[in-house]
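Novice: pasting a predicted model and its sequence here:
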Amino acid sequence: MNEFINMKNKTGLLLFIFLFLACENELEKDSDTLITSSPKYETYNYSGFTKEEIYGFHKRIYEGGSWTEYGDLERYFYLNFSEIMNHSRILRSDKPKILEEMPRDDVKNFITPADLKKGGGLTLNDYVQQVEVNGIIIIHKGKIVFEGYPRMFPTDLHFNMIITQVFVSTSIAILEDKGLIDTSNPIDYYFKTLKGSGWEGVPVIDILSMSSGIDHVPLETYEKSFDPIIDLATATSSIPSGTEYQWSNADAMLLTLLVEKVSGITFREFLGQEIWRKIGSEYSAILGINTNGTSTSYADGLSTTLRDLARFGLAFTPSGRKNNHPIISDAHLSKIRNVNKNLKSKSRHSEEEIYKSYQWGAVYEDGDFYKGAHGGQGLYISPSKDLVIAFFGTSNTDRQRNQLDVISRKLSKSGLFDLE
């Protein structure tokens, strides 16, 4: 009897050990799925804002101060838009696109041009620490080769500002691909209210290249009116469309309303369905909303993580267009490069000729294109080199901003990213 009891105890003990080991292995298995290797980006020991800085910013805004004061006050606004302004959330993808990290020392140690206003001759890694850069990411052939966050956290949602305008033009191109918009049509073909206004007869393609010829349109009226197309109809024309580039937020406003008119849904809904979730966004974005419910896609625009902005850029490259139904079609890429030769100008930083097309601020002769924004934001894309460079910044109190737009062009032409 005792022998049976001992055997039973031994059996119980063995069963206990087996179950313990099984549970331990299961924990290890779960642990393996949760713990990943450390990201390979640089953080430069950034620690964020202090409590006093946060409260001080809100106090200043409450007392009527402006966020456009440059320096850290403005950077706080760029990184915390949702605390200050009305906004709507654009939900992230259910299947985020994995970005493989493959850091390259030759990119990190790239020497910046010597003739920059500040930081010339430094390595790229040193430049982003010493100049007004909040974050930067460089992706080549679908892999992250350099990434750094000197003045923001990687998970922060940062103001894109007018970079959002190329999300608008991409939305127009998607509707073109579906046969729902013909950009050779005049805008009053889609909005009868615009007949008799300065917009009458202006082709959509000229609005896409910011050459509508329309005089200044006051934003304040548009943002509060519950029939904003009527306010836009008060605009007058100063020169024939398609003859001269004129910076105008009104063009992007009208294109946003065109997306809504043709699609039958709000711009933020269209953006979420047709772009944001399809690029494999890792985080939800936020989009500024006016008093009348329209999107501030023409000015303040989106707030996103830097990686998600880069994921959008990837959609224009071979690495991001591998599937059978890419977001960016061959036709869209061709139309970006099929520039209006009347809109030629010299780059401010070189003797290169640049063009305006589909809301992109610079389209180069070699097919690269770029969109910049106030304070030092930028998105540079080279489809031929399978290259994306995205960055965020804030001008300092002397209104000096980074020159990553210049550096991006130099990087693209450096030979570091030439495809075999």
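Specialist: Structure received.

Novice: tell me the pLDDT at the residue lying closest to Gly121 once chain neighbours are set aside?
Specialist: Leaving aside its chain neighbours, Gly121 sits nearest to Ala114 (4.8 Å; criterion: CB to CB, 6 or more residues apart in numbering). C-beta coordinates here come from the backbone N, C-alpha and C atoms, glycine included. Predicted confidence (pLDDT) for Ala114: 96.

Novice: one more: Tyr46?
Specialist: Looking at Tyr46, the pLDDT reads 95.

Novice: also the one 10 residues further on?
Specialist: As predicted, Gly56 sits at a pLDDT of 91.

Novice: so the residue nearest to Gly121 sits against Tyr127, correct?
Specialist: No: using CB atoms under 8 Å, Ala114 makes no contact with Tyr127, being 12.0 Å away.

Novice: the more surrounded of these two?
Specialist: Taking neighbours as other CB atoms under 10 Å, Ala114 and Tyr127 compare with Tyr127 leading, 25 against 8.

Novice: excluding its backbone neighbours, what's nearest Leu306?
Specialist: Gly135 (4.6 Å).

Novice: and Val259, by the same measure?
Specialist: Using CB to CB, 6+ apart, the nearest residue to Val259 is Ser171, at 4.6 Å.

Novice: tell me which helix or strand comes right after the helix or strand where the one you found lies.
Specialist: For Ser171, the element it lies in under DSSP states H and E is helix 165-177. Per DSSP H and E, the first helix or strand lying C-terminal to helix 165-177 is helix 204-208.

Novice: quick check: domain ranges of the chain?
Specialist: 1-29, 51-166+266-412, 174-259 (automatic domain parsing).

Novice: worst average pLDDT in these?
Specialist: Among these, domain 1-29 scores lowest, with a mean of 42.

Novice: surely the residue nearest to Val259 touches Gln273?
Specialist: No: Ser171 is beyond contact range of Gln273, at 10.2 Å (criterion: CB under 8 Å).

Novice: which helices and strands sit right next to the helix or strand containing Arg268?
Specialist: Here Arg268 sits within helix 267-271, counting by DSSP H and E. Under the contact definition 3 or more CB pairs under 8 Å, 6 or more residues apart in numbering; DSSP states H and E, helix 267-271 sits against strand 87-90, helix 165-177, helix 249-263.

Novice: so can I have a markdown table of these showing distance to Gly376?
Specialist: As requested, the helices and strands packed on helix 267-271 are exported to a markdown table (distance: least, CB to CB, whole Å):
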| stretch | distance to Gly376 |
| --- | --- |
| strand 87-90 | 22 |
| helix 165-177 | 17 |
| helix 249-263 | 19 |
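
Novice: want to throw those into JSON lines with mean neighbour count?
Specialist: Formatted as JSON lines, these follow (neighbours: other CB atoms under 10 Å):
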{"stretch": "strand 87-90", "mean neighbour count": "18"}
{"stretch": "helix 165-177", "mean neighbour count": "23"}
{"stretch": "helix 249-263", "mean neighbour count": "22"}
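
Novice: which of these sits closest to Ser284?
Specialist: strand 87-90 (5.3 Å; CB to CB).

Novice: what does the closest one contact?
Specialist: 81, 268, 271-272, 276, 284-289, 295, 302-303 (CB atoms under 8 Å, 6 or more residues apart in numbering).

Novice: again, only using 7 Å
Specialist: Strand 87-90 has contacts (CB atoms under 7 Å, 6 or more residues apart in numbering) with Phe81, Arg268, Leu271, Gly272, Trp276, Ser284, Ala285, Ile286, Leu287, Gly288, Ile289.

Novice: ok, now stretch 166-176?
Specialist: 181, 183, 208, 252, 255-256, 258-259, 262-263, 270-271, 274-275, 297, 302, 332, 335, 358-360, 371.

Novice: centre of the chain versus that stretch, how much separation?
Specialist: 14 Å (CA atoms, centre = their mean, to the nearest Å).

Novice: quick revisit: closest to Ser345 out of the helices and strands packed on helix 267-271?
Specialist: That would be helix 249-263 among the helices and strands packed on helix 267-271, by CB to CB, at 17.1 Å.

Novice: which helices and strands does that closest one pack with?
Specialist: helix 165-177, helix 204-208, helix 228-232, helix 267-271 (3 or more CB pairs under 7 Å, 6 or more residues apart in numbering; DSSP states H and E).

Novice: re the thing from before, out of the domains of the chain, the one nearest Lys40 is which?
Specialist: domain 51-166+266-412 (4.4 Å).

Novice: quick one: distance of that closest one to the chain centre.
Specialist: On CA atoms, centre = their mean, the centre of domain 51-166+266-412 falls 4 Å from that of its chain.

Novice: quick one on the thing from earlier: for the contacts of strand 87-90, which one is nearest Gln246?
Specialist: Closest to Gln246, out of all of the contacts of strand 87-90 and judged by CB to CB, is Gly288, at 23.5 Å.

Novice: wait, that closest one sits on Met85?
Specialist: Yes: under the criterion of CB atoms under 7 Å, Gly288 makes contact with Met85 at 5.7 Å.

Novice: returning to that earlier point: please name the bridge partners of the residue nearest to Leu306.
Specialist: Phe392 (DSSP bridges).

Novice: contacting residues for it?
Specialist: Gly148, Tyr149, Met152, Leu306, Phe391, Phe392.

Novice: from Asn134, how far out is the last one?
Specialist: So that's Phe392. 4 Å (CB to CB, to the nearest Å).

Novice: list residues touching both of those two?
Specialist: Met152, His158.

Novice: quick one, which of those two is more surrounded?
Specialist: With neighbours defined as other CB under 10 Å, Phe392 and Asn134 compare such that Phe392 has more, 32 against 27.

Novice: burial count for the nearest residue to Asp188 once chain neighbours are set aside?
Specialist: Once flanking residues are discounted, Asp188 sits nearest to Leu194: 4.2 Å by CB to CB, 6+ apart. Neighbour count for Leu194, taken as other CB under 10 Å: 22.

Novice: repeat that for Leu302.
Specialist: Neighbours of Leu302 (other CB under 10 Å): 28.

Novice: so what's it up against?
Specialist: Asn160, Thr164, Phe167, Ala285, Leu287.

Novice: quick one on the thing from earlier: next, work out how far apart the residue nearest to Val259 and Phe153 are.
Specialist: With CB to CB as the criterion, Ser171 and Phe153 are 29 Å apart.

Novice: can you check Ile230 too?
Specialist: For Ile230, the distance to Phe153 - CB to CB - is 43 Å.

Novice: alright, I will stop here.
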